[in-house]
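Chemist: Structure, please.
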Amino acid sequence: MARYTGPKTKISRIFGEPILGNGKWLNKNSNPPGQHGAQRKRKTLGEYALQLREKQKAKYTYGVLEKQFRKTFEEAARRKGVTGENLIKLLEARLDNTVFRLGIAPSRPAARQLVSHKHITVNDEVVNTPSYEVKPGDIISLKEISKEKTSVTSVIAGKNPKFSWLDWNETEMKGTFIAYPERESVPENIKEQLIVELYSK
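Modeler: Model prediction:
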């Protein structure tokens with residue numbers, strides 16, 4: 001299954017944001033990555049570079065590679081409404097991202113692993129595709145046998161209350177995808193309009 005497996009801290013330093021991991025090294029070293037990073041000044045980026053950078057940031061944030069990201073964008077463009085907002089909604093509706101947002105896993109890569117290893121059910125059916133699109137009303141839960149595994153349940157933190165488009169039942173270890181989130185509710189620092197402009201060229 002295709003996914004990014006390279007150095008995470010390097011990616012965070014490129015963007016100057018903790019988009020992968022906790023970003024603990026960002027405060028210690030704000031230089032660009034590479035052997036000569038300390039001597040190299042960050043260039044002022046042109047229009048295309050800014051647009052490309054924003055797309056790369058979104059891809060790394062949600063753990064999506066180029067082909068799948070473009071398909072997601074094309075689906076967003078087909079739907080009614082603002083394309084950029086539709087793109088964020090579709091990325092947020094990915095099953096691995098929803099598992100992460102519900103607090104079942106501590107990170108998106110960990111959520112992806114739970115899904116791939118068949119620990120997650122959607123409407124009582126096991127789904128092992130991280131890119132599966134969750135629909136409003138879908139119930140996401142741990143598989144019954146997985147609820148008995150300490151290695152799985154010990155990392156459950158529960159939903160952050162600011163994610164109003166999700167509901168989490170701690171007792172039953174299941175959550176509900178209530179609706180697609182509004183853009184202002186999604187905390188990720190992504191300028192989706194730049195991505196739209198990039199793909200519109």
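
Chemist: for the longest helix anywhere in the chain, what is the average pLDDT?
Modeler: Secondary structure of the chain per DSSP state H: the longest helix is helix 47-62. Mean pLDDT, helix 47-62: 93.

Chemist: Report the buried residues of the helix or strand following that helix.
Modeler: Sequence-wise, the next helix or strand downstream of helix 47-62 (DSSP states H and E) is helix 66-78. Within helix 66-78, the residues that count as buried by 16 or more other Cβ atoms under 10 Å are 68-69, 72-73, 76. No exception for glycine: its C-beta is placed from N, CA and C like everyone else's.

Chemist: I'd like those residues as TSV, with pLDDT and distance to His117 appended.
Modeler: Output for the buried residues of helix 66-78, formatted as TSV (pLDDT from 0 to 100; distance: Cβ to Cβ, whole Å):
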residue	pLDDT	distance to His117
Gln68	93	20
Phe69	96	24
Thr72	96	23
Phe73	97	29
Ala76	96	29
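
Chemist: Find the pair from the residues you listed with maximum spatial separation.
Modeler: Gln68 and Ala76 (12.7 Å; Cβ to Cβ).

Chemist: List just the nearest of the buried residues of helix 66-78 to Phe15.
Modeler: Phe69 (16.1 Å).

Chemist: ok, the closest one - contacts?
Modeler: 55, 58-59 (Cβ atoms under 8 Å, 6 or more residues apart in numbering).

Chemist: cool, and Leu102?
Modeler: Leu102 neighbours (Cβ under 8 Å, 6+ apart): 140, 158-159, 166, 168, 175.

Chemist: Just give the nearest non-adjacent residue to it, would you?
Modeler: Leaving aside its sequence neighbours, Leu102 sits nearest to Gly175 (Cβ to Cβ, 6 or more residues apart in numbering; 4.1 Å).

Chemist: ok but that neighbour is inside a strand, no?
Modeler: Yes. The assignment for Gly175 is a strand, going by DSSP: H, G, I helix; E, B strand; the rest coil.
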